[in-house]
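**Q** Dropping the sequence and predicted coords here.
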Amino acid sequence: MSLERFMSKVSPEPNSGCWLWDGGYFSNGYARFSESHALTVLAHRYIWKVYFGDIPDKFYICHKCDNMACVNPDHLFLGTPQDNSDDMVAKNRQAKGEKIRPLKLTEDQVRTIKSEISTPIKELVQRYGASHAVIWHVRMGRSYKWVK
């Protein structure tokens with residue numbers, strides 16, 4: 001009965017092949033499915049168990065398609081936390097630049113700091129409200145390396 005109820009909340013997306021979840025979501029953005037009145041689970045983990053069996057301890061069910069709303073078993077893979085991180089980096093989805101919080105400087109500010117090489121660090125500290133160390137590391141190329 002649960003699988004029938006689960007599939008009633010799925011809408012196949014023809015262009016991507018994703019099975020999009022029409023049910024509820026957890027606050028972290030992942031689809032949720034109430035397996036019973038007492039048990040609510042991640043929808044992609046539920047469908048994995050239906051198709052492939054138990055999930056080993058400390059393993060994730062990762063999305064090949066990077067769509068948290070997708071529950072297509074063909075778009076999922078079993079992986080360790082390291083596998084999940086490696087997949088994120090390989091697809092360039094990791095937080096960097098202005099996505100990182102708390103970030104001290106914007107990328108435009110970093111470009112300005114790098115270009116104003118003759119401006120005293122003390123002046124830049126006052127202008128941007130960053131510490132002496134932050135400004136110094138930008139100048140030395142030790143931080144904000146992605147900013148050109």
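**A** Looks like it came in fine. Residues are numbered from 1 along each chain as shown.

**Q** What is the burial count for Arg5?
**A** Applying other C-beta atoms under 10 Å, we find 12 residues neighbouring Arg5. C-beta coordinates here come from the backbone N, C-alpha and C atoms, glycine included.

**Q** does it belong to a helix or a strand, and which?
**A** According to DSSP states H and E, Arg5 maps onto helix 2-7.

**Q** Show residues contacting that helix.
**A** The contact list for helix 2-7 (C-beta atoms under 8 Å, 6 or more residues apart in numbering) reads 33, 35-36, 43, 46-47, 50, 71.

**Q** can you rerun that using 6 Å?
**A** Residues outside helix 2-7 that contact it (C-beta atoms under 6 Å, 6 or more residues apart in numbering): 33, 35, 50.

**Q** One more: stretch 27-39?
**A** Stretch 27-39 is contacted by residues 2, 6, 21, 24-26, 40-43, 46, 68-69 when judged by C-beta under 6 Å, 6+ apart.

**Q** Counting neighbours, which of those residues end up buried?
**A** In the contacts of stretch 27-39, burial by neighbour count holds for 6, 21, 41-43, 46, 68-69, counting by 16 or more other C-beta atoms under 10 Å.

**Q** Spatially, which two of those residues are the most separated?
**A** Phe6 and Met68 (16.5 Å; C-beta to C-beta).

**Q** for the helix holding Arg5, the distance to its chain's centre please.
**A** Here helix 2-7 shows a centroid-to-chain-centroid distance of 28 Å under the convention C-alpha atoms, centre = their mean, to the nearest Å.

**Q** And stretch 33-43, end to end?
**A** With C-alpha to C-alpha, to the nearest Å as the measure, the first residue of stretch 33-43 is 5 Å from its last.

**Q** ok, now stretch 59-70?
**A** Terminal residues of stretch 59-70 are spaced 18 Å apart (C-alpha to C-alpha).

**Q** swap in stretch 7-16?
**A** 18 Å.

**Q** Report the buried residues of that stretch.
**A** Here stretch 7-16 shows 9-10 as buried, counting by 16+ other C-beta under 10 Å.

**Q** Could you pull up the mean pLDDT of that stretch?
**A** Stretch 7-16 carries an average pLDDT of 92.
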